[in-house]
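Enquirer: mind looking at a prediction? Sequence and model below.
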Amino acid sequence: MADLKALHDAILTGDAKVAKSATEAALGEGVEPMALVQDTMMPAMDEVGKRFECNEYFVPELLLAARAMKASLELIRPLLAAGGVEPAGRVAIGTVKGDLHDIGKNLVAAMLEGGGYEVIDLGVNVDPQKFVAAVKEKNARIVAMSALLTTTMPAMKTTIDALRQAGLRDQVKVMVGGAPVNESYAREIGADGFSRNAAGAVAAARAL
Ligand code: B1M
């Protein structure tokens, strides 16, 4: 039986090598990739966050946990992206200005790719003007923004304002997400769509 506790603990302790081998083993035994992310890896990251909050972990431990999570996701991401469906449109995705968290954003990007979207990944700490340029120059039909910090959530609104100022707001749909973001905040800042997690991101994009 797949040793999911080994994967959980490897992320918790930041052991990228064990995270990778435990992921390979679980996938080899037929564990569903998204279930692995949601039921094992994200709870491990939540525990990392809790330990950080009570000063048991510090930034170096967060970085090690993120590295282990990424090592595991390298194996999972191609499986999520292998949807093989008809192209559904072009999405420009990024983590908003001031925010460096990209694990969730990368998962959402992989799910959108799997859902048939062409994804332009603008990376982290994305300036509003960079989103504007992706709509103007790359003809993105959806702007997808991720934020993990309460202090960077307002950058989503700033980006929507920048799209409006550039005269592009009517030709693009805006979708937001990330741990501190919820549906009412999405509505409040004038976004068109919201998803709580990566699994729901494709449905949210399609609804737009
Ligand atoms: Co930071 N961090 N971090 N961190 N970090 C959090 C977010 C925090 C909650 C930890 C805590 O205190 N419990 C806290 C934020 C508190 C707050 O704002 N209220 C925090 C803090 C404080 C900080 C620093 C300020 C710490 C410091 O320097 N003192 C600093 C800020 C740096 C910056 O961004 N400017 C910082 C730095 C970092 C690292 C760089 C070390 C590292 C990130 C590495 C990386 O991403 N490459 C890191 C990490 C790893 C975390 C935690 C532990 C894990 C985040 C993660 O990857 N989760 C996190 C605690 C936690 O989340 N439990 C924490 C797993 C990931 C799969 O989930 O990103 O939520 P998530 O994505 C989900 C959903 O949110 C959703 O779908 C995803 C998958 O289902 N989703 C979307 C995300 N984007 C979406 C977009 C969508 C739709 C859905 O549509 C467009």
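Expert: On my side now, so go ahead.
Enquirer: show me what from this protein comes close to the ligand.
Expert: Residues of the chain found near the ligand (CB under 6 Å from any ligand atom) are 42, 45-46, 48-49, 52-53, 59, 62-63, 65-66, 98-105, 107-108, 144-146, 148-151, 175-180, 195, 197-198, 201. From N, CA and C alone the C-beta is placed, and that goes for glycine too.
Enquirer: put the buried members of the residues you listed into a PyMOL selection.
Expert: Selection of the buried residues among the residues of the chain next to the ligand in PyMOL, burial being defined by 16 or more other CB atoms under 10 Å:
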select buried, resi 42+45+48+62+65+66+98+99+101+102+103+104+105+107+108+144+145+146+148+149+175+176+177+178+179+195+197+198+201
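Enquirer: looks like Ala198 contacts Gly104 (just checking).
Expert: Yes. With contacts counted by CB atoms under 8 Å, Ala198 reaches Gly104, the gap being 6.8 Å.
Enquirer: any regions of this structure where pLDDT drops low?
Expert: Low-confidence segments of the chain (pLDDT under 70): 83-87.
Enquirer: ranges for the strands of it?
Expert: Assigned by DSSP state E, the strands in the chain fall at 89-95, 117-121, 142-146, 173-177, 193-194.
Enquirer: let me know which of these is tucked in deepest.
Expert: strand 142-146 (a mean of 29; mean count of other CB atoms under 10 Å).
Enquirer: could you check how far the longest helix anywhere in the chain is from the centre of its chain?
Expert: The longest helix of the chain (DSSP state H) is helix 59-81. In terms of CA atoms, centre = their mean, to the nearest Å, the centre of helix 59-81 is set 12 Å apart from its chain centre.
Enquirer: what angle separates it from strand 117-121?
Expert: Orientation check (axes from the mean of the first three to the mean of the last three CA atoms, to 10 degrees): helix 59-81 against strand 117-121 gives 160 degrees.
Enquirer: which residues of this protein fall in helices?
Expert: Going by DSSP H, the chain shows helices at 4-13, 16-28, 33-35, 42-53, 59-81, 103-114, 128-138, 154-165, 183-188, 198-207.
Enquirer: what's the closest non-adjacent residue to the spatially most central residue of the chain?
Expert: In the chain, the C-alpha nearest the mean C-alpha coordinate belongs to Lys105, at 1.9 Å (CA atoms, centre = their mean). Among residues not flanking Lys105 along the chain, Ser146 sits closest, at 3.9 Å (CB to CB, 6 or more residues apart in numbering).
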